[in-house]
Structure formats: structure tokens, C-alpha cells
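Trainee: I need the structure of the sequence given here:
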Amino acid sequence: MVVKRNKSKKREAVYEALAKSKAHPTAEMLYDSLKGDYPELSLGTVYRNLSVLEADGMVISVSHEGGHTRYDARTDPHAHFVCRVCERVMDLDMTDSAQSLYESIEEETGCKILSHSLCFEGICAECRK
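Mentor: Numbers count the residues shown, from 1 in each chain. All right, here's what the predicted structure looks like:
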């Protein structure tokens, strides 16, 4: 059953702000960037809309140990790297590696992988300097 949701100006604004960002913002970061244009916007509304967008497959969440949930409008298969020092989140393109891993897991288990969430943690190049 497909749920057809009503369009929402605030939901569209949240999605557009997220899609324009390469920083993988938190809900709070999105709220701060939007409240000037939408003074009636609440942080709760941002969280609710992110939840709807995630349920609809339009965004993904990136969680890591000890940090806040970050969001990404890029939904194609890719991994993330989170710096434990500055908390920067970066996209990692691992298409060939991931495909090989999927095939190996599917072959060993007989399961069909439909999606994944892979997040590496460490210290980014900038913080290592």
C-alpha cells in the first residue's frame, strides 16, 4: 500500500535545505538555517518532517556513537565517514566494493540485500594535521 502524503511547504523547505547541504546537517542545524524564512517553524516540525521524508525514502539518517543523528538527501548506495574529533560527516563512494560485499553476503546467506547503512568512524585528514 502506497501512502500518498499531502504536500507541505515546510516539508519541501526542509528537504530543499537538506538537498543543498553537503554537511549532513542535524535537525537543529536545518532548523537554524530555515527559521529566518519560516519564523513559525518549530524544531518539532523539522523532526516530524525529517521522519516523514525518511519513511518515504527521500532522505537517510546517519547515526554514530556519541553524536547527534545527521541527515542526507543522497539516497543512492554509499557509506559515510564520521570524524570523532570535529564530527564532520563525509560521503564515501564505495559502489564496486559494496556491490562485491552484497554479492558475497547474498551468496553466503541466501538473503537479498535491499539497502544498507555503513558508517566508518575515525579522524579526518584535517584533524590529523
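
Trainee: what's in contact with the longest helix seen in the chain?
Mentor: Of all segments of type helix in the chain, defined using DSSP state H, the longest is helix 95-109. For helix 95-109, contacts defined as Cβ atoms under 8 Å, 6 or more residues apart in numbering pick out Pro77, His78, Ala79, Cys111, Lys112, Ile113, His116, Leu118. Just so you know, the C-beta spots here come from the backbone N, C-alpha and C atoms, and that holds for glycine as well.

Trainee: What separation do you get for Met94 and Leu101?
Mentor: Between Met94 and Leu101 the computed distance is 8 Å (Cβ to Cβ, to the nearest Å).

Trainee: Can you name the next helix or strand after the worst-scoring helix or strand of the chain on mean pLDDT?
Mentor: Using mean pLDDT, DSSP states H and E, helix 95-109 stands out as the lowest-scoring helix or strand of the chain, at a mean of 84. Per DSSP states H and E, the first helix or strand lying C-terminal to helix 95-109 is strand 119-122.

Trainee: List the residue ranges of the chain that fall below the pLDDT cut-off.
Mentor: By pLDDT under 70, the low-scoring segments of the chain are 1-6.

Trainee: show me what contacts Tyr15?
Mentor: Contacts for Tyr15 (Cβ under 8 Å, 6+ apart) come out as Asn49, Leu53, Met58, Val59, Ala73.

Trainee: The first one in helix, strand or coil?
Mentor: Remark: Asn49 carries the secondary structure label helix [criterion: DSSP: H, G, I helix; E, B strand; the rest coil].

Trainee: Burial check on it, number of neighbours?
Mentor: Other residues near Asn49 number 22, with proximity taken as other Cβ atoms under 10 Å.

Trainee: I figured it hits Lys7, correct?
Mentor: No: here Asn49 lies out of contact with Lys7, judged by Cβ atoms under 8 Å, at a distance of 11.6 Å.
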